[in-house]
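Enquirer: Sequence and predicted structure below; questions after.
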Amino acid sequence: MSHKKILLIGPTGQVGWELQRCVQTLGEVVAVDKIDSTQAYIDLADPDSIRQVIRDVKPTIILNAAAYTAVDKAEEDAELAHAINATAVGILAEESLRLKSLLIHYSTDYVFNGKQTQPYTETDEVNPLGVYGTTKLAGEQAIEAVGGQYFILRTAWVYGLRGKNFLLTMQRLAKERNELKVVADQFGAPTWSRMIAQATTHLLTQLDSPLYQLDIDALSGIYHLTCAGKTSWYDFAKAIIAQSDKQVRVLPLTTAEYPTPTERPAYSVLSNAKLAKTFGITLPAWDRALDLCLKSVEN
């Protein structure tokens with residue numbers, strides 16, 4: 001990967017936006033998206049569009065930060081969710097193998113059913129609860145079936161300073177209400193999108209460094225990548241409000257009191273031990289990352 005040409009798919013999303021800024025030093029970055037006219041165009045629901053873009057760009061690295069992420073809407077839009085989260089991902093894997101390039105793809109804690117009470121490892125049984133998780137799992141399996149050089153990075157509870165996410169929702173609601181009710185019996189590790197992008201950049205740097213002499217084929221596979229620690233949505237919300245200038249009461253709800261079309265995993269804590277052991281990459285505790293995020297200035 002001496003002269004790197006990086007194809008970034010989904011640069012306007014939470015992770016993609018941060019990636020575009022982090023990987024600039026690693027090579028030439030070509031960003032493609034469907035929703036932003038300032039970027040080159042790709043339609044992940046159209047296999048021909050995917051193949052055409054990759055064959056035109058001829059990347060040495062493909063970063064797929066795009067996905068169908070509307071968890072509840074996916075239940076009634078299963079065909080499109082599968083096209084973007086599964087079929088498109090399989091095509092990316094095929095084209096990546098054809099070019100002998102490296103594919104990095106982001107997946108989710110939703111491949112698990114959340115019934116465990118200890119952090120999920122990469123080898124734990126997968127059993128998604130809804131369409132979103134099922135299609136994301138199908139995307140993982142499509143990559144594994146094709147093979148080649150790839151890293152599937154499972155993350156969870158992603159938030160950032162742009163887009164739609166829990167942090168921004170809580171900040172908005174705190175301006176509109178004096179009281180917020182938040183689910184307190186679902187647990188995970190909130191993960192700042194910038195941390196994901198920085199960890200990805202660190203991973204790519206190691207893979208290309210003569211200091212490490214890493215066997216990418218042997219190391220290819222699934223890795224978990226989240227901030228450390230565990231919290232609930234309720235305590236996450238309290239931490240957000242505590243660092244604001246708003247006087248808002250935050251009250252706990254049970255999942256049963258806040259029904260949604262799709263069942264959420266009750267426990268989404270992922271073990272990051274494999275990533276730490278293999279590459280020495282660890283993210284800070286979720287509350288430390290939140291503090292850094294809220295104190296950062298978005299350029």
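Expert: That came through fine.
Enquirer: that's a strand at Glu125, yeah?
Expert: No. Glu125 is assigned coil when assessed by DSSP: H, G, I helix; E, B strand; the rest coil, not a strand.
Enquirer: Chain neighbours aside, what residue packs nearest to it?
Expert: Phe112 (8.0 Å; C-beta to C-beta, 6 or more residues apart in numbering). The C-beta positions use only the backbone N, C-alpha and C, and glycine is treated the same way.
Enquirer: which ones are touching the one you found?
Expert: Counting by C-beta atoms under 8 Å, 6 or more residues apart in numbering, Phe112 touches Tyr120, Asp124, Glu125, Val126, Asn127, Pro128, Gly133, Pro265, Ser268.
Enquirer: Please repeat the previous calculation with a cut-off of 10 Å.
Expert: Neighbour list for Phe112: 120, 124-129, 133, 137, 154, 156, 265, 267-270 [criterion: C-beta atoms under 10 Å, 6 or more residues apart in numbering].
Enquirer: Can you select the buried ones from these in PyMOL?
Expert: Here is the PyMOL command that selects the buried residues among the contacts of Phe112 (16 or more other C-beta atoms under 10 Å):
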select buried, resi 120+126+128+129+133+137+154+156+265+267+268+269+270
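Enquirer: Check the offset of the lowest-mean-pLDDT helix or strand in the chain from the chain's centre.
Expert: One helix or strand of the chain scores below all others by mean pLDDT, DSSP states H and E: strand 40-41, with a mean of 84. When C-alpha coordinates are averaged (C-alpha atoms, centre = their mean, to the nearest Å), strand 40-41 and its chain have centres 21 Å apart.
Enquirer: where does Trp233 land on pLDDT?
Expert: Model confidence at Trp233, given as pLDDT, is 98.
Enquirer: what's the nearest residue to it if we skip its chain neighbours?
Expert: Per C-beta to C-beta, 6+ apart, closest to Trp233 is Val183, 4.7 Å.
Enquirer: wait, the one you found sits on Pro265?
Expert: No. Assessed by C-beta atoms under 10 Å, Val183 is found out of contact with Pro265, at 12.0 Å.
Enquirer: Just the pLDDT for Ser209.
Expert: Taking Ser209 on its own, its pLDDT is 87.
Enquirer: now Lys295: how far from Trp192?
Expert: Lys295 sits at a distance of 12 Å from Trp192 (criterion: C-beta to C-beta, to the nearest Å).
Enquirer: same check, this time on Thr108
Expert: From Thr108 to Trp192 the distance is 16 Å (C-beta to C-beta).
Enquirer: which stretches of the stretch 151-299 of the chain form helices?
Expert: 166-176, 193-208, 216-219, 233-242, 273-279, 286-295 (DSSP state H, counting those that start in this stretch).
Enquirer: Check the stretch 1-150 of the chain too.
Expert: 14-22, 47-57, 78-82, 88-99, 131-146.
Enquirer: wait, which of those helices is closest to Pro259?
Expert: Set against Pro259 and scored by C-beta to C-beta, those come closest in helix 131-146, at 16.6 Å.
Enquirer: name the helices or strands packed onto that closest one?
Expert: With contacts taken as 3 or more C-beta pairs under 10 Å, 6 or more residues apart in numbering; DSSP states H and E, helix 131-146 sits against helix 78-82, helix 88-99, strand 102-108, strand 149-155, strand 221-224.
Enquirer: Can you point out the buried residues in it?
Expert: 131-143, 146.
Enquirer: Once you drop chain neighbours, what's closest to Arg177?
Expert: Closest to Arg177 by C-beta to C-beta, 6+ apart is Val248, at 6.7 Å.
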